[in-house]
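Participant: predicted coordinates and the sequence they were generated for:
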Amino acid sequence: MACCDSNKTTKTSCCTESPVLDLREVVRDGYTKIAEQGTLTAVTKGGCCGPGWKADDLASKLGYSTAQLQALPEGTNMGLSCGNPTAIANLKPGQVVLDLGSGGGFDVFLAGPKVGPTGRVIGVDMTPAMLSKARTNTVHYRRTTKLDNVEFRLGEIEHLPVADSTVDVVISNCVINLSPDKPQVWREIARVLRPGGTVAVSDMALLRPLPPLLKQRMEALVGCIAGAVLVDEYRAMIHHAGLTDIELCTKPDYVAALISLDDPLYKELATLLPPGTTGSDFVTSLDVTARRA
């Protein structure tokens, strides 16, 4: 047996690097730059999150209303969405909501008014620069909504800083695909949900395997593609975590739109694909809902 186990998350005496740590640091570094520069386009040449559009234009195409976007603190929307989890979550007053990979607080600040003064929204992000941005944005949120019902915690989505069975709804937007241990993320989601609690996630997934060369590109990783798994594998992870009522809705038209805008990452993807195929034959946006029994 080799002394360096690729499944381990810590370094050993004969392993100078851990693959899991390497991937996590690549993602953390990429999103630190996004937080500092304010947009995905300033950091990567392409990605699942629509650098071909302005951030608000992309959000509008994903179903966010003009009123919602105008109410957000400036710079909160960095164009990192691949769906609209707050729209599919059916949030109600009084609920406790947890946002995985909350970034600058985009979906947290939209969920806050929906759960109202008796509810609470918790954002978790592993990037200190994103957390700092979100906490700064909280001042604007409190002033404009007169609500004090959101908070942000530093942590990894594989090890959530949240107690067991304390959350009514888990949301996430284009983040779980970036995790080096996605099954563990879904086990954590099941752990923190109350019985009857629900999940509403927007993410990226694969309709068929990507060419190996594309998966190796770090821009593709930060851009949400290289970390994506097959739709059937995605469903299996949720099922094995113990969640029920699993529904997956594929949205390949989202990727087709990025291709039509000559997104550089998807343009390069086209050069690596078999003749007669396009990126939307391989990559899809995915709306995911599930429930803890």
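Facilitator: Received the coordinates, thanks. A quick note: this is a predicted structure, and the numbers were derived from the prediction, not measured.

Participant: wait, P183 touches I238, no?
Facilitator: No. Counting by C-beta atoms under 8 Å, P183 does not reach I238; the two are 9.4 Å apart. Yep, even glycine has a C-beta here, placed from its N, CA and C like the rest.

Participant: chain center to the helix or strand that V124 is a member of, what's the gap?
Facilitator: According to DSSP states H and E, V124 maps onto strand 120-125. Distance, stretch centre to chain centre, for strand 120-125: 13 Å (C-alpha atoms, centre = their mean, to the nearest Å).

Participant: give me the mean pLDDT for the following helix or strand past that strand.
Facilitator: Using DSSP H and E, the helix or strand that follows strand 120-125 towards the C-terminus is helix 128-145. Mean per-residue pLDDT for helix 128-145: 93.

Participant: so helix 128-145 versus strand 120-125, what angle?
Facilitator: Relative orientation of helix 128-145 versus strand 120-125 (axes from the mean of the first three to the mean of the last three C-alpha atoms, to 10 degrees): 160 degrees.

Participant: all helices of the stretch 1-150 of the chain, in order?
Facilitator: All helices of the stretch 1-150 of the chain, identified by DSSP state H, counting those that start in this stretch, fall at 19-37, 55-61, 66-71, 85-88, 106-115, 128-145.

Participant: which helices and strands does the shortest one pack with?
Facilitator: It refers to helix 85-88. helix 106-115, strand 167-173, strand 193-206, strand 283-292 (3 or more C-beta pairs under 8 Å, 6 or more residues apart in numbering; DSSP states H and E).

Participant: swap in 10 Å and give it another go.
Facilitator: Helix 85-88 makes packing contacts with strand 96-100, helix 106-115, strand 167-173, strand 193-206, strand 283-292 when contacts are defined by 3 or more C-beta pairs under 10 Å, 6 or more residues apart in numbering; DSSP states H and E.

Participant: check the last one too.
Facilitator: If you count contacts as 3+ C-beta pairs under 10 Å, 6+ apart, helix 128-145 packs onto helix 19-37, helix 66-71, helix 106-115, strand 120-125, strand 150-154.

Participant: can you list the buried residues in that helix?
Facilitator: Using 16 or more other C-beta atoms under 10 Å as the test for burial, helix 128-145 gives 129-134, 137-138, 140-141, 145.

Participant: remind me which residues of the stretch 1-150 of the chain are low pLDDT?
Facilitator: 1-21, 23, 26, 29-31, 34-54, 58, 78-79 (pLDDT under 70).

Participant: wait, what's in contact with the closest residue to L110 other than its chain neighbours?
Facilitator: Leaving aside its chain neighbours, L110 sits nearest to T86 (5.0 Å; criterion: C-beta to C-beta, 6 or more residues apart in numbering). Residues near T86 by C-beta atoms under 10 Å, 6 or more residues apart in numbering: 63-64, 68, 97, 99, 106-112, 114, 121, 169, 171, 173, 200, 202.
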